[in-house]
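Asker: Structure of the sequence below:
(4 chains)
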2 protein chains.
Amino acid sequence: MSTSVYTPGQVSEETGFSLDTLRYYERIGLLEPIGRNAAGQRRFTQEDIGWLGMIRCLRDTGMPIAEMLRFAELVRKGEHTIPDRIALLEAHDRRVEAQVGNLREKQTAIRNKIGYYRSVSC
Amino acid sequence: MSTSVYTPGQVSEETGFSLDTLRYYERIGLLEPIGRNAAGQRRFTQEDIGWLGMIRCLRDTGMPIAEMLRFAELVRKGEHTIPDRIALLEAHDRRVEAQVGNLREKQTAIRNKIGYYRSVSC
DNA sequence: GCTTGACCTGGAGCCGACTCCAGGTGGGAT
DNA sequence: ATCCCACCTGGAGTCGGCTCCAGGTCAAGC
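Answerer: Predicted coordinates for the structure are as follows:
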């Protein structure tokens, strides 16, 4: 089993994060220091990519970076923080739920507006 | 029928926009110039409040201010822009739909993660 | 053996959307 | 009368989250 690694370009391609964003995330500690080859270039592992997938989920659901940092720290501190991680993710899940609810509600209003415009213009 | 007006404080209370945000929106032209009393203080009409409700919907569903400005201009230009307004709102509605879909998808992943953590820690 | 292109660094810049500030005015309740 | 509080203005500041830049290093293909 080859311990395959990925170049920044490949990771950017795969995760949708820009090269700058990947470097930025490493700088602020959202990613642990990424491994390097002899020339000092980053080589991401499968695990890094998995973690970036998690980051992607949290970002896309509106979690601020500050909170993702807290989550990252919990992960680093080891297994005994799993209950805390669950709590954090559950709280976030509730916010996502609320977000969807709010979105749906506002969407209905927008659709009503469209309907109104249609009734006026026809 | 009294043409009732509202103070900035009341409008802020009712719409959830801060006083500064209300002034900001007027400055950038998202609100038309708000009426004033003798002392130069703003007095919002029911219509202003209705428009702010629309703004609230669009903001909360992620429309950038630049696009709300375009919409505001259409509204100002009169009835003949109604088809354009419909088009704009429909495009936005599609984005909202996509947003909800993405949110749901990511939420599922987060819930799976929670489930995984539970399976590990129990 | 040279070019090309992907990568490196530290630091500055940008963008959207507010938010705050200083210094000033006016009006209603006590 | 006086106090206080809500309001006013123009302009500066903040914040989150990237994004860009200059100047440099390697590696591989032609």
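Asker: When you work out contacts or count neighbours from here on, use the C-alpha atoms and nothing else.
Answerer: Will do.
Asker: all strands for chain A, in order.
Answerer: Chain-ordered strands for chain A, with DSSP state E as the definition, fall at A:5-6, A:44-45.
Asker: ok, and what's touching the last one?
Answerer: So that's strand A:44-45. Outside strand A:44-45, the residues that touch it by C-alpha atoms under 8 Å, 6 or more residues apart in numbering or on different chains are A:Thr3, A:Ser4, A:Val5, A:Tyr6, A:Thr7, A:Pro8, A:Val11, A:Ile34, A:Gly35.
Asker: quick one, which of the strands of chain A is packed in tightest?
Answerer: Sort these by mean neighbour count, taking mean count of other C-alpha atoms under 10 Å in any protein chain shown, and strand A:44-45 sits at the top with a mean of 18.
Asker: Quickly run through the sheet partners of that strand, with directions.
Answerer: strand A:5-6 (antiparallel) (DSSP bridges).
Asker: Output the below-cut-off pLDDT ranges for chain A.
Answerer: A:1-2 (pLDDT under 70).
Asker: interface residues of it facing DNA strand C?
Answerer: Residues of chain A lying near DNA strand C by C-alpha under 7 Å from any atom of the strand: A:Thr7, A:Pro8, A:Gly9, A:Gln10, A:Leu19, A:Arg23, A:Gly40, A:Gln41, A:Arg42.
Asker: Those residues of chain A touching DNA strand D, which are they?
Answerer: Counting by C-alpha under 7 Å from any atom of the strand, the positions of chain A adjacent to DNA strand D are A:Ser18, A:Asp20, A:Thr21, A:Tyr24, A:Ala38, A:Ala39, A:Arg59, A:Met63, A:Pro64, A:Ile65, A:Ala66.
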